[in-house]
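[1] Sequence below, structure please.
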Amino acid sequence: IDSMIKTDELCVGDCSGTITVFSNGALLYSLDGITYQGSNLFSNLCAGTYTVYVQDSNFCLSIDSTVILGPSPVTLQAFSDTTICIGGTAQLNAIGSGGVGAFTYAWDNGDLTQLVSVSPIINQSYCVVATDSNGCPSSQQCVSVTVNPPLSVIALSNQTICVGDSANISATASGGDGGP
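    Okay, here's the model as predicted:
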């Protein structure tokens, strides 16, 4: 075997690796020493170590090995779960890691940026996927935004008074975040 050119997997587990074998006088090529082919190209290979067998017209055998590598998986963190008031805005962020090169982000609300601002009027989840420069996606991650109910005030009683009199009044408030 004079030389071998290999290409590694693009994405974890996609089995897109190849090995091209160059061997002067070779007629048959194999990766298992049993099943031979006339082509010097092996494709659809998963990450791993491969032993290459080459046979010439005199049935002389040459053996070499090479390793097809796979990139690290694309992982994603999306945060933060948050609570806002109606009319408020939440900042959501995603951080990709692993894979190859830079990342692009796709949120299910159509935003294509790493950091998004959202202003839902009801409780809502937002999901995002990161994709590396090889086109390998992460698993989807979701964050929840909880919207506090609107503030509401209810007067507890109607009272009739004369000019100059005083009265005690009270009301009940609800909604919001329950704070003062």
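[2] From now on I want contacts and neighbour counts done on CA atoms only, so please keep to that.
    OK.
[3] So which elements touch the helix or strand of the chain with the lowest mean pLDDT?
    In the chain, no helix or strand scores lower on mean pLDDT, DSSP states H and E than strand 171-174, which sits at a mean of 78. Contact here means 3 or more Cα pairs under 8 Å, 6 or more residues apart in numbering; DSSP states H and E; on that basis strand 171-174 packs against strand 152-155.
[4] returning to what we had before: which strands border the least confident helix or strand of the chain, and is each parallel or antiparallel?
    strand 152-155 (antiparallel) (DSSP bridges).
[5] what's next to the strand it pairs with, contact-wise?
    Ile169, Ser170, Ala171, Thr172, Ala173, Ser174, Gly175 (Cα atoms under 8 Å, 6 or more residues apart in numbering).
[6] Which one of the residues you listed is nearest to Gln140?
    Gly175 (32.6 Å; Cα to Cα).
[7] Against Val147, how distant is the closest one?
    10 Å (Cα to Cα, to the nearest Å).
[8] out of these two, which sits in the busier spot?
    Val147 (23 against 13; other Cα atoms under 10 Å).
[9] now the spatially most central residue of the chain, nearest residue through space, not along the chain?
    Nearest to the geometric centre of the chain sits Ser138, at 2.4 Å (Cα atoms, centre = their mean). Excluding the flanking residues, the one nearest Ser138 by Cα to Cα, 6 or more residues apart in numbering is Val74, at 4.9 Å.
[10] Which pLDDT value does the model give the one you found?
    For Val74, the model assigns a pLDDT of 97.
[11] show me the contacts for it.
    Neighbours of Val74 in contact, by Cα under 8 Å, 6+ apart: Gly96, Ser97, Gly98, Gly99, Ala130, Thr131, Asp132, Cys136, Pro137, Ser138, Ser139.
[12] right, and the second one touches Thr104 too?
    So that's Ser97. No - between Ser97 and Thr104 there is no contact under Cα atoms under 8 Å: 11.2 Å.
[13] Pick out whichever of these two has more residues nearby.
    Using other Cα under 10 Å as the criterion, Ser97 and Thr104 rank with Ser97 on top: 18 against 15.
[14] State the distance from the more buried one to Met4.
    31 Å.
[15] Hmm, Val118 and Thr89 touching each other?
    Yes - with contact defined as Cα under 8 Å, Thr89 counts as touching Val118 (5.5 Å).
[16] neighbour count winner among the two?
    Shown here are Thr89 and Val118; by other Cα under 10 Å, Thr89 has more neighbours (18 against 15).
[17] Name the nearest residue to the more buried one, ignoring sequence neighbours.
    Going by Cα to Cα, 6+ apart, Thr89 has Ser119 as its nearest residue, at 4.6 Å.
[18] residues touching the one you found, list them.
    Ser119 neighbours (Cα under 8 Å, 6+ apart): Ile86, Gly87, Gly88, Thr89, Ala90.
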